[in-house]
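Peer 1: sequence first, then the predicted structure:
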Amino acid sequence: MKSKSVIKSDLTPSKIIEHLNRYIVGQDKAKRAVAIALRNRIRRRALPPELSHEIMPKNILMVGPTGVGKTEIARRLATLSNAPFVKVEATKFTEVGYVGRDVETIIRDLMEFSVSMVRRKMIAEVQGPAQERAKQRLLDALLPRREKKFSMPEFMKAFTDKSSDDNNDEAALNADEENEKYTRTRMRFQKMLEEGKLDDKDVEIEINDSATSIPVFGSPGMDVMGINITEMLGGIMPKKTKTQHLKVNEAMRILQQEEADKLIDTDAMAKQALEMAQEDGIVFLDEIDKVVVKGGSSHGPDVSREGVQRDLLPIVEGSVVQTRYGPVKTDHILFIAAGAFSGVKPSDLIPELQGRFPIRVELEPLSVEHLQQILTEPENSLIRQYEALISTEGTELSFTKEATAEIARLAHKMNSEMEDIGARRLHTMMEQLLEEISFSVSDMNEEKIEITPEIVKEKLNGLVENRDIRRYLL
Ligand SMILES: Nc1ncnc2c1ncn2[C@@H]1O[C@H](COP(=O)(O)OP(=O)(O)OP(=O)(O)O)[C@@H](O)[C@H]1O
Ligand SMILES: [Mg+2]
């Protein structure tokens, strides 16, 4: 008998690659590496804790020239993985005045992301009861009970001096009747509310006033401790409410949100988010080569770059970072680093850090064919974007196959003769190519514009050939 997999997720490596293929052309090795890494995390989660604890993530280092899809792969992986994900530029930690800036903020950001993911899920789960509560609050607002007649409980009446309240006698007589009438009206209103018949009616409701909370700027020191002053004070100060006039449907939306907020268990939320950040979290360290020093040892101004690597080391190796939701262990967080490594090599990284990125993948420079595919194939390809934009003017823009080949050829030529900026070259080329159409299409009554290789040559050849102009325009 074939043993059955215990993994619930259907995110297999081939599925992951299929998804990445919708947006990224080529770079198969990098796609495979991230697909395996992602699947390994899912596999690990299916193991008993004693074993899963031992299995450390295999961090990935993506190396490749600029503009060939490194960041794009990470971005697409994030939306796909349904895991807490942050992307940081390593250079951020070398900015003037921020030398040695707390790299632990990376983990805190990851945790915030995780909390917002869990929160969103929990909020979705309590929508049913939240809606019911909101409905009752809205009915209270639409049908206020007249206090005097209803507030006095029945048993109290025997003890009350009749003359002290001239209304009371009548009220007592009518109370039952009034009550019944009220209930009937309320039910009728509830039905109308549910059918959306009251949507456009005005209503006055009391809602939480978030605007009254005073913004307090925490000092960086407090941030390090993971303490949020605004939140601390928020807990001490009484919650303010304000009265607002709204349409019923808008009021319903706001009340439902408020009720949902009240219904979620914040402790459970933090606990779940903490676990997700620790077990599933992915950190993408972009521009890692920018904190590498040639030859590996540093003097003078380079010290800060190596400092960043030293700072990164503990979180990549596994340490505990304090956050305002509790301590986060970084041992099982997956790190994917990327860099162009044009002047420096991965072996120029400090040795301890090198060892922490055992999987190296190289991304290839883009060929003419790649560039043409990038123009046309991805779901969000540049050609599709321009076609969509121009279509809003009632004009159908299209490109012949030969035209896209010509654009790719010229882009490749520019990349090899000047600086190789990868697929980014396509952006400037397309902008130059379509500049005139983008300007005049609104005033034209063209039904169709077809871009042919002749048009491409006419618009771009001159620029590509002119060494003085192309430096600025392409
Ligand atoms: N292989 C590819 N397939 C589809 N689009 C791509 C590819 N490579 C690059 N692009 C597009 O080119 C642009 C730049 O790519 P990206 O940001 O991934 O570059 P990068 O490799 O991270 O470069 P850098 O080293 O400069 O950060 C993006 O708009 C991206 O969509
Ligand atoms: Mg990048």
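Peer 2: Cool, got the structure. Ligands and ions are numbered 1, 2, ... in the order given.

Peer 1: in a helix, Leu38, correct?
Peer 2: Yes: Leu38 sits within a helix when classified using DSSP: H, G, I helix; E, B strand; the rest coil.

Peer 1: got a list of what the residue of the stretch 301-450 of the chain found nearest ligand 1 touches?
Peer 2: Going by C-beta to the nearest ligand atom, ligand 1 is nearest to Ala423 of the stretch 301-450 of the chain, at 3.3 Å. Backbone N, C-alpha and C define where each C-beta goes, glycine included. Taking C-beta atoms under 8 Å, 6 or more residues apart in numbering, we find Ala423 in contact with 67-69, 366, 371, 374.

Peer 1: ok, now with 7 Å
Peer 2: Ala423 makes contact with 67-68, 366, 371, 374, according to C-beta atoms under 7 Å, 6 or more residues apart in numbering.

Peer 1: can you narrow those residues to ones near ligand 2?
Peer 2: Among those, proximity to ligand 2 is found for none (C-beta under 5 Å from the ion).

Peer 1: ligand 2: which of these is nearest?
Peer 2: Of all these, ligand 2 sits closest to Gly67, with 7.8 Å by C-beta to the ion.

Peer 1: okay, now the domains of the chain?
Peer 2: Domain assignment for the chain by automatic domain parsing gives 13-122+278-362, 127-160+168-263, 368-465.

Peer 1: which of these has the lowest average pLDDT?
Peer 2: For the domains of the chain, the weakest mean pLDDT is recorded on domain 127-160+168-263, namely a mean of 73.

Peer 1: so which residues on the stretch 351-474 of the chain come close to ligand 1?
Peer 2: Contact residues, the stretch 351-474 of the chain versus ligand 1 (C-beta under 6 Å from any ligand atom): 374, 378, 422-424.

Peer 1: about what we covered before: using JSON lines, lay out the domains of the chain together with distance to Tyr472.
Peer 2: Converted to JSON lines, the domains of the chain look like this (distance: least, C-beta to C-beta, whole Å):
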{"stretch": "domain 13-122+278-362", "distance to Tyr472": "19"}
{"stretch": "domain 127-160+168-263", "distance to Tyr472": "41"}
{"stretch": "domain 368-465", "distance to Tyr472": "10"}
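
Peer 1: tell me the most buried of these?
Peer 2: Highest mean neighbour count among the domains of the chain (mean count of other C-beta atoms under 10 Å): domain 13-122+278-362, with a mean of 18.

Peer 1: torsion angles phi and psi at Val68?
Peer 2: phi -110, psi 0 (degrees, to the nearest 10).

Peer 1: typo on my end, Met62
Peer 2: Backbone torsions for Met62, taken as degrees, to the nearest 10, come to phi -100, psi 120.

Peer 1: do the one 4 residues further on as well
Peer 2: Here is the backbone geometry of Thr66 (degrees, to the nearest 10): phi -70, psi 140.

Peer 1: closest point of the stretch 151-300 of the chain to ligand 2, which residue?
Peer 2: Asp286 (5.2 Å).

Peer 1: that residue touches Lys87, doesn't it?
Peer 2: Yes: applying C-beta atoms under 7 Å, one finds Asp286 in contact with Lys87, separated by 6.1 Å.

Peer 1: now the residue of the stretch 51-200 of the chain found nearest ligand 2: how far from Leu410?
Peer 2: Ranked by C-beta to the ion, the top residue of the stretch 51-200 of the chain for proximity to ligand 2 is Thr71, at 3.2 Å. Plainly put, Thr71 is 24 Å away from Leu410 if you go by C-beta to C-beta, to the nearest Å.

Peer 1: hang on, the earlier thing: can I get the contacts of Ala423 in JSON lines with secondary structure?
Peer 2: Shown next, in JSON lines, are the contacts of Ala423 (three-state DSSP):
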{"residue": "Gly67", "secondary structure": "coil"}
{"residue": "Val68", "secondary structure": "coil"}
{"residue": "Leu366", "secondary structure": "coil"}
{"residue": "Leu371", "secondary structure": "helix"}
{"residue": "Ile374", "secondary structure": "helix"}
